[in-house]
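Trainee: sequence and predicted structure below; questions after.
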Amino acid sequence: MNANSRPLDLLNSAKGKTVLVELKNGHSITGTLMAFDVHINIHLENADERDNSTVVRKIGSVFVRGDTIILISPAL
Amino acid sequence: MNANSRPLDLLNSAKGKTVLVELKNGHSITGTLMAFDVHINIHLENADERDNSTVVRKIGSVFVRGDTIILISPAL
Amino acid sequence: MNANSRPLDLLNSAKGKTVLVELKNGHSITGTLMAFDVHINIHLENADERDNSTVVRKIGSVFVRGDTIILISPAL
Amino acid sequence: MNANSRPLDLLNSAKGKTVLVELKNGHSITGTLMAFDVHINIHLENADERDNSTVVRKIGSVFVRGDTIILISPAL
Amino acid sequence: MNANSRPLDLLNSAKGKTVLVELKNGHSITGTLMAFDVHINIHLENADERDNSTVVRKIGSVFVRGDTIILISPAL
Amino acid sequence: MNANSRPLDLLNSAKGKTVLVELKNGHSITGTLMAFDVHINIHLENADERDNSTVVRKIGSVFVRGDTIILISPAL
Amino acid sequence: MNANSRPLDLLNSAKGKTVLVELKNGHSITGTLMAFDVHINIHLENADERDNSTVVRKIGSVFVRGDTIILISPAL
């Protein structure tokens, strides 16, 4: 573990990979993380809204406002 | 994927196109994205409030305050 | 469409005209837009609180704090 | 209408007059507007909490924190 | 009325006196106002939590975070 | 009473002593106040979650984010 | 107790150790604290969502946005 690592380093290493995003309204979105900024605004491609492992809606490209996000997790 | 891309680049490329906007109050609006700023305040034209694929109200021109927005998705 | 337009330009062009304002508490107000600032604080004249197309209360002059506003739409 | 007017001008012109203040918790207060600042913090004198036109509690002098305010309207 | 008065002047003049503080969670606290800052963080002594005119809990010294406060009123 | 006292002075004088912390989610925590900052982030040791005077969970060391705190009161 | 200690010192000393994180939505996550910043954004590894002492979901690597966090406690 690098003593100087920052939380955003995890997002940087997840670029181009599939991530799970949990929102404050209780919904979850999966997609490929294309970009993020310091507000944790994110751009996903191939995004799907999910209920557990089931896709409930195909979203495609999406901008998600950072202040609606609880957590972002690279796919296991 | 450009390693230096930013989330707002997606909104920039969506200017003049139809987008779906989901709001924190559970409502959805579709319309042509005319302008946005760093707060994610947006200006839509030909906007409609929707319940899934059904138009429930015609809004026309509208300014939406950024802090009420969950996500913005260019139409599939 | 001007590539450099900003969302506040729509509000600027709506000055002196009737606008519909939707608030986070679910209420709607119509009135003549007299002024706004970068926080989206607004000053309306001849304001009415409405339930759909019905006026439920005459308000007259009113200052509305920007952080309570969801959207502002010039009358169709 | 002055093209350069600002929303706070309405509050400035209401100083010393009776205003109706609606709060995010659904309560309303009327009183004489003595002072306000850029956060819309306000100082009222002779303040009453109201349920429509009925006074439900006499408050007297009161400081109201700006971020709890929806709107401020000079009495009709 | 001094045209240059500010809302915080009311709190300044209430130092050392009993004030009623209403909180966003619906609770009320009374106590002697010892200090406040620009965030409206306050320090009360001899504080009591009240349900209308009934003391429901003695608190004594307390720091109240400003963003939880709706209003502060010097005792009538 | 010192006319120049500040609310944070109360927290400073409470360092090393037992405090009661009430949170916006309705929970209460008691513990020894080790440190605080201007955001009212705090570090407690020997912390317990309480339901009135009953300990419902032992927490030990804990960092509490300031924006979740309603009030901090030194033990009576 | 160091009179100059800061709340973030607790998080610094918890790096590389297991922490319990309680979120505003009522969920709890445990994991190894890898990094944090001044917003209290955190990076956890080997993270599990828990209901009391029961693991309800394995998350693995996760970025948690600071404004969703109530408290962070190093494991007892």
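Mentor: Arrived safely, thanks for sending. Just so it is clear, the model here is predicted, and its values are computed rather than measured.
Trainee: is stretch A:31-41 positioned near chain G?
Mentor: Yes - Stretch A:31-41 comes into contact with chain G (C-beta under 8 Å from any C-beta of the partner chain), by way of A:Ile40. (Each C-beta comes from the backbone N, C-alpha and C, glycine too.)
Trainee: got it, and stretch A:59-73?
Mentor: Yes - residues of stretch A:59-73 are located near chain G by C-beta under 8 Å from any C-beta, namely A:66-67, A:69-73.
Trainee: can you name the two of these that are farthest apart?
Mentor: Pairwise distances across those (C-beta to C-beta) peak at 18.3 Å, for the pair A:Asp67 and A:Ser73.
Trainee: neighbour-wise, which of these two wins?
Mentor: A:Ser73 (22 against 18; other C-beta atoms under 10 Å in any protein chain shown).
Trainee: and that one, helix, strand or coil?
Mentor: Under the three-state scheme (DSSP: H, G, I helix; E, B strand; the rest coil), A:Ser73 adopts strand.
Trainee: excluding chain neighbours, what is closest to it?
Mentor: What sits nearest to A:Ser73 in space, not counting adjacent residues and going by C-beta to C-beta, 6 or more residues apart in numbering or on different chains, is G:Val62, at 4.3 Å.
Trainee: now A:Val19
Mentor: A:Leu33 (4.8 Å).
Trainee: from memory the one you found sits against A:Asn12, does it?
Mentor: No - A:Leu33 is beyond contact range of A:Asn12, at 9.6 Å (criterion: C-beta atoms under 8 Å).
Trainee: looking at these two, which is more packed in?
Mentor: A:Leu33 (23 against 11).
Trainee: relative to chain B, how far out is A:Asp9?
Mentor: For A:Asp9, the distance to chain B (C-beta to the nearest C-beta, to the nearest Å) stands at 14 Å.
Trainee: can you tell me, leaving aside adjacent residues, what's nearest to that residue?
Mentor: Nearest one to A:Asp9, counting by C-beta to C-beta, 6+ apart, is G:Ala35 at 6.7 Å.
Trainee: likewise A:Val21?
Mentor: A:Ile29 (4.7 Å).
Trainee: pairing partners for that neighbour in the sheet, please.
Mentor: A:Val21, A:Glu49 (DSSP bridges).
Trainee: show me what contacts it?
Mentor: By C-beta atoms under 8 Å, 6 or more residues apart in numbering or on different chains, the contact list for A:Ile29 reads A:20-21, A:23, A:44, A:47-50, A:59, A:62, A:64, B:71.
Trainee: from the residues you listed, which has minimum pLDDT?
Mentor: Lowest pLDDT within those is found at A:Arg50 (91).
Trainee: which parts of chain A sit against chain B?
Mentor: So far as C-beta under 8 Å from any C-beta goes, chain A lies against chain B at A:15-16, A:23, A:25, A:29, A:34-37, A:41-43, A:47, A:58-65, A:67-68.
Trainee: what's the PyMOL syntax to select whichever of these are buried?
Mentor: Applying 16 or more other C-beta atoms under 10 Å in any protein chain shown to the residues of chain A next to chain B, the buried members can be selected in PyMOL as follows:
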select buried, chain A and resi 23+29+34+35+36+41+42+43+47+59+61+62+63+64+65+67+68
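Trainee: pick out the residue nearest the middle of chain A.
Mentor: A:Val21 (4.0 Å; C-alpha atoms, centre = their mean).
Trainee: how much space is there between that residue and G:Asn46?
Mentor: A:Val21 sits 20 Å away from G:Asn46, going by C-beta to C-beta, to the nearest Å.
Trainee: likewise A:Gly66?
Mentor: 25 Å.
Trainee: comparing these two, which residue is more hemmed in?
Mentor: Using other C-beta under 10 Å as the criterion, A:Gly66 and G:Asn46 rank with A:Gly66 on top: 17 against 14.
Trainee: ok, that one - contacts?
Mentor: A:37, A:39-42, G:65.
Trainee: using PDB, write out every CA atom in stretch A:60-75.
Mentor: Listed in PDB are the C-alpha atoms of stretch A:60-75, where the atom choice follows Å, rounded to 0.1, in the frame of the first residue of the first chain:
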ATOM      1  CA  GLY A  60     -26.300   3.300 -23.200                       C
ATOM      2  CA  SER A  61     -24.200   6.500 -22.800                       C
ATOM      3  CA  VAL A  62     -24.900   8.400 -19.600                       C
ATOM      4  CA  PHE A  63     -23.600  11.300 -17.600                       C
ATOM      5  CA  VAL A  64     -24.300  10.800 -13.800                       C
ATOM      6  CA  ARG A  65     -24.100  13.900 -11.500                       C
ATOM      7  CA  GLY A  66     -21.600  13.200  -8.700                       C
ATOM      8  CA  ASP A  67     -23.700  14.300  -5.800                       C
ATOM      9  CA  THR A  68     -26.200  11.500  -6.500                       C
ATOM     10  CA  ILE A  69     -23.600   8.700  -6.200                       C
ATOM     11  CA  ILE A  70     -23.000   6.700  -3.000                       C
ATOM     12  CA  LEU A  71     -20.300   4.300  -4.200                       C
ATOM     13  CA  ILE A  72     -18.400   3.100  -7.300                       C
ATOM     14  CA  SER A  73     -17.000  -0.400  -7.400                       C
ATOM     15  CA  PRO A  74     -15.000  -2.000 -10.200                       C
ATOM     16  CA  ALA A  75     -16.600  -5.400 -11.100                       C
END
